[in-house]
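K.L.:
okay, sequence plus prediction incoming.
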Amino acid sequence: MLRTSLQSVRALGSRPVTAAAGRQWQAAVVRRAAVSGQRYYADDKKPAANGPPKIVLPASETLTAPSTPTPALGAAQTVADSTISPENAPLAPSAPGTPVAPLNAPAASTATPPPPPPPTSLPPRPRKKGFFRRLRNYFLTLALLSALGFGGGVWYSRVNDNFHDFFTEYVPYGEQAVLYMEEMDFRKRFPNVANRVTGRQRDSGEQVNIPAQSGASWRVADGADISGRQSSGISKKVAAIKDAVLPEKAVPVVIEAKKETAVLPKTEAKPVVKEPEKPVAAPAPAVADAPAAVAAPVVDVTKPPKTKPFKVPEVDEPSRWPPASPIDPLAIKDANEPVVQDLVRMLNDIITVVNHDGASEKYAGAIWKAKNELDKVGSKIRDIKAGIEKNAAKEVKARVDDFDKAANELVSRIESAMSAQETQWRHEFESEMLRIKASYDDKVKLIQERERQIAEEKLNNRLLEQAVELQRQFAQGIKQHVEQERDGRLGKLEDLSTAVAELDRLTTGWNDVVDTNLRTQQLHVAVDAVRASLEDATHPRPFIKELVALKEIASDDPVVDAAIASINPSAYQRGISTPAELVDRFRRVATEVRKASLLPEDAGVASHASSYVLSKLLFKKQGLAAGDDVESILTRTHTFLEEGDLDNAAREMNGLGGWAKTLSRDWLGEVRKVLEVQQALEVCFTSSLFAGYLVTFCSFC
Amino acid sequence: MAETTAPQPTLPPARQVSRPVSEALLNEKWDHCLSNLLIKSSLGLGFGVVFSVLLFKRRAWPAFVGVGFGAGRAYEECNSSLKDAAKEIRKHA
């Protein structure tokens, strides 16, 4: 029972915390108190479950009433009771049928109440609602199961690490839930620290820093150094006493560094070598100081200091210092001697080796000697160098003198050669100049001569031209004279010839006149023939032959041609009707015209018939009747015809209109033909006459 | 002369046949109209007689009606021809 209550506390405790932030811790505490109250109530319920009257009571007040006597455990619980009672209240009435329900579900109280109602409500409800209910139940159960599964997963993930991994990785929100549970657990365990820790945890999420002293350092000597410095004199003392290995240990390190630096700048000059030397000197004293400082007070205490002083004055220090310091001057003096450098390096190497071995005592003398030797060698080499330099200087001086002499000689020789060459060149130049001068003079002379010749020739040419011109002028003058004289005589001859030609023309003109006279006579005859043929005929007959003859005679007289062309071809092909015929035909036409004289514009059968009948009743006119009506026109035409005036008759008939004109069309055509022929003949006749007169007139004038 | 006379008689008759002289235009039309009248009225008469015999128990009026139809038809044709001629004349004038 206690466990279950604890679990429930956990479960309930988680809920408020999810809702509240870290600040609301107090509220959470209060809630927890409430939970504890619940636990108490659950405990109390057991006896209550045994008593049936509790189930029967529906009101919440009844619940509080029995709970009041129980809160003897603490004052806080009484406070919690008042808050919790409403929470628990619904539980009791919701499950009235089952008294076990409240017993089982104090922890997961919310999920259990829904299932009981369905069995009660199902039977009365229709099937449709049953389906919805089932659906709802299904979802509810599903949600319940999933919640239970999730909760179980969260719980088991805290038990089993493998499952924890699986759960946090694959279940959504699983990780958060598990983390939250863990956090809650932690808080529960350390209620005092929880708040601080949580706050810090949040902050430290980013601030996590590894302290400087933690972890392994890359430096070996550093740790020792620090310890050496930090440690008090007593602790150091012990360390120093232990053995002299400590300084030695430090020294090798230093020497190693030196070695590295020395090896790298091998080719470089001494100053570079010197630089690594200094750091060596710095730590060395530092290392040495520590023991020295320690040693100073400890000297009289125990043996261990012995080693230190022994080191300082006797072997180590001098043995170590000298190798460093004597090398410097040596190197500086013989910086340019590679041999010495090599030797120095060798010696240094040997020293380092010796130091390494810690056998500096043994070899100190030897090394010292070697150093001295090296010094000597260096000085010797310097001496030798100086001697050689002196000799070299002498030699150089002698050589320079020789060179000077030689140069002087050379210069003098070159000067003489140059002067000789110069004189020679001058001679050559002069001779060349003379030669060139002569040649140019010749050329100038030649050119002058040529020019003179050209000028002379030009003058000659001009003279010749003048002579030619003069001759031409003379010839022209003579010609003019001759022409003038000849014109005087020839002019008269030409006049004579023109007069003769005119006479000839006159005679030929006379011949023409005679000819044209003849032709006109012929034309006249032809025209007469045509006219006779027309007049003779009692009935129309063609007169093509006569016309052809006329045309031939007229040859190319345009007037006659035009006149003949104006005649209608049908006229001379079929002949023209005589005046008697025309009159006869007119009478016939006149009767017909008269019949149609009274017709209106758009005449039908009736109007034609009436016109035919009424025209018989019209009075006939006589002579040249006045008026524009058809009857008077016909009368006038008749009179003109009787007089033989075809022209006027045709004009009168032409003035008709409508049916009358249509009926008289053919007669008019006949008359026109006759008139045309008559006119053409008249034209031909007059033209022939005129031609004859013209010829005679021209001949006379 | 013989040559000239020879072609003359041949040409005019041909002309005469093809086209009447202008003064005879109206007379010709009248001739046409009369002949037309005769033919059409006789045709109508014939039809009228036949109808009267076949359908109308030898009554007289169908015959008269037929004549009237024929004569009217002829009259109308003549009228139209004359009017057409008048129109042509006016157009040419």
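P.N.:
Now that the structure is in, tell me what you want to look at.
K.L.:
pick out the residue of chain B closest to chain A.
P.N.:
B:Ser22 (3.8 Å; C-beta to the nearest C-beta). C-beta coordinates here come from the backbone N, C-alpha and C atoms, glycine included.
K.L.:
just checking, that residue touches A:Lys661?
P.N.:
No - using C-beta atoms under 8 Å, B:Ser22 is not in contact with A:Lys661; the gap is 9.2 Å.
K.L.:
give me the pLDDT for A:Glu676.
P.N.:
With respect to pLDDT, A:Glu676 has a value of 88.
K.L.:
would you confirm that it contacts A:Ile567?
P.N.:
Yes - counting by C-beta under 8 Å, A:Glu676 touches A:Ile567, with 5.6 Å between them.
K.L.:
who's in contact with the residue nearest the centre of chain B?
P.N.:
Most central in chain B under C-alpha atoms, centre = their mean is B:His32, positioned 2.1 Å from the mean C-alpha point. The contact partners of B:His32, by C-beta atoms under 8 Å, 6 or more residues apart in numbering or on different chains, come to B:78, B:81.
K.L.:
pull out the buried residues from the helix or strand containing it.
P.N.:
Using DSSP states H and E, B:His32 sits within helix B:25-54. By neighbour count on 16 or more other C-beta atoms under 10 Å in any protein chain shown, the buried set for helix B:25-54 is B:25-26, B:29-30, B:33, B:36-37, B:40-41, B:43-45, B:47-49, B:52.
K.L.:
and what of stretch A:462-478?
P.N.:
For stretch A:462-478, using 16+ other C-beta under 10 Å, no residue counts as buried.
K.L.:
next one, pLDDT for the residue of chain B closest to chain A please.
P.N.:
80.
K.L.:
the helix or strand containing A:Val411 vs chain B: in contact?
P.N.:
Using DSSP H and E, A:Val411 maps to helix A:360-536. No - Helix A:360-536 is not in contact with chain B by C-beta under 8 Å from any C-beta of the partner chain; minimum separation 10.0 Å.
K.L.:
so which elements touch that helix?
P.N.:
helix A:316-333, helix A:338-357, helix A:544-554, helix A:665-700 (3 or more C-beta pairs under 8 Å, 6 or more residues apart in numbering or on different chains; DSSP states H and E).
K.L.:
tell me the mean pLDDT for that helix?
P.N.:
pLDDT averaged over helix A:360-536 gives 90.
K.L.:
may I ask which helix or strand of chain B has the lowest mean pLDDT?
P.N.:
The helix or strand of chain B with the poorest confidence is helix B:2-5; it has a mean of 40 (mean pLDDT, DSSP states H and E).
K.L.:
ok, longest helix in chain B?
P.N.:
helix B:61-92 (DSSP state H).
K.L.:
can you list the buried residues in that helix?
P.N.:
Applying 16+ other C-beta under 10 Å to helix B:61-92 flags B:62-63, B:65-67, B:69-71, B:73-75, B:77-79, B:81-82, B:85-86, B:89 as buried.
K.L.:
out of the helices and strands packed on helix A:360-536, flag the one nearest chain B.
P.N.:
Going by C-beta to the nearest C-beta, the one of those nearest chain B is helix A:665-700, 3.8 Å.
K.L.:
quick check: which ranges of the chain have low pLDDT?
P.N.:
Going with chain A. A:1-129, A:193-336, A:537, A:699-701 (pLDDT under 70).
K.L.:
you answered for a different chain; I wanted chain B.
P.N.:
For chain B, the ranges with pLDDT under 70 are B:1-20.
K.L.:
which of the buried residues of helix B:61-92 are close to chain A?
P.N.:
Okay, of the buried residues of helix B:61-92 touching chain A (C-beta under 8 Å from any C-beta), that's B:75, B:78-79, B:82, B:86, B:89.
K.L.:
let me have those in CSV, extended by distance to A:Asp602.
P.N.:
Shown next, in CSV, are these (distance: C-beta to C-beta, whole Å):
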residue, distance to A:Asp602
B:Tyr75, 16
B:Cys78, 14
B:Asn79, 10
B:Leu82, 9
B:Ala86, 6
B:Ile89, 11
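K.L.:
what's the closest of the residues you listed to A:Thr696?
P.N.:
B:Ile89 (54.9 Å; C-beta to C-beta).
K.L.:
burial measure for A:Gln424, as a count.
P.N.:
10 (other C-beta atoms under 10 Å in any protein chain shown).
K.L.:
quick one: contacts for it?
P.N.:
By C-beta under 8 Å, 6+ apart, A:Gln424 has no neighbours at all.
K.L.:
what helix or strand does A:Leu145 sit in?
P.N.:
helix A:127-159.
K.L.:
list the buried residues for that helix?
P.N.:
Those would be A:144, A:150, A:153-154, A:157, for helix A:127-159 by 16+ other C-beta under 10 Å.
K.L.:
A:Ser597 sits in which helix or strand?
P.N.:
Counting by DSSP H and E, A:Ser597 is part of no helix or strand.
K.L.:
surely it is in contact with A:Gly658?
P.N.:
No - using C-beta under 8 Å, A:Ser597 is not in contact with A:Gly658; the gap is 9.5 Å.
K.L.:
compare those two and say which is more crowded by neighbours.
P.N.:
A:Ser597 (21 against 18).
K.L.:
please name the residues that touch the residue nearest to the more buried one when sequence neighbours are not counted.
P.N.:
Excluding the flanking residues, the one nearest A:Ser597 by C-beta to C-beta, 6 or more residues apart in numbering or on different chains is A:Val630, at 3.8 Å. A:Val630 sits next to A:593-594, A:597, A:656, A:660 when contact means C-beta under 8 Å, 6+ apart.
K.L.:
now, which of those residues sits nearest chain B?
P.N.:
A:Val593 (7.5 Å).
K.L.:
how many residues are close by the closest one?
P.N.:
Around A:Val593 there are 27 residues (other C-beta under 10 Å).
K.L.:
work out for me the element it sits within.
P.N.:
helix A:579-595.
K.L.:
again, but for A:Val613
P.N.:
helix A:605-615.
K.L.:
packing partners of that helix?
P.N.:
helix A:579-595, helix B:25-54, helix B:61-92.
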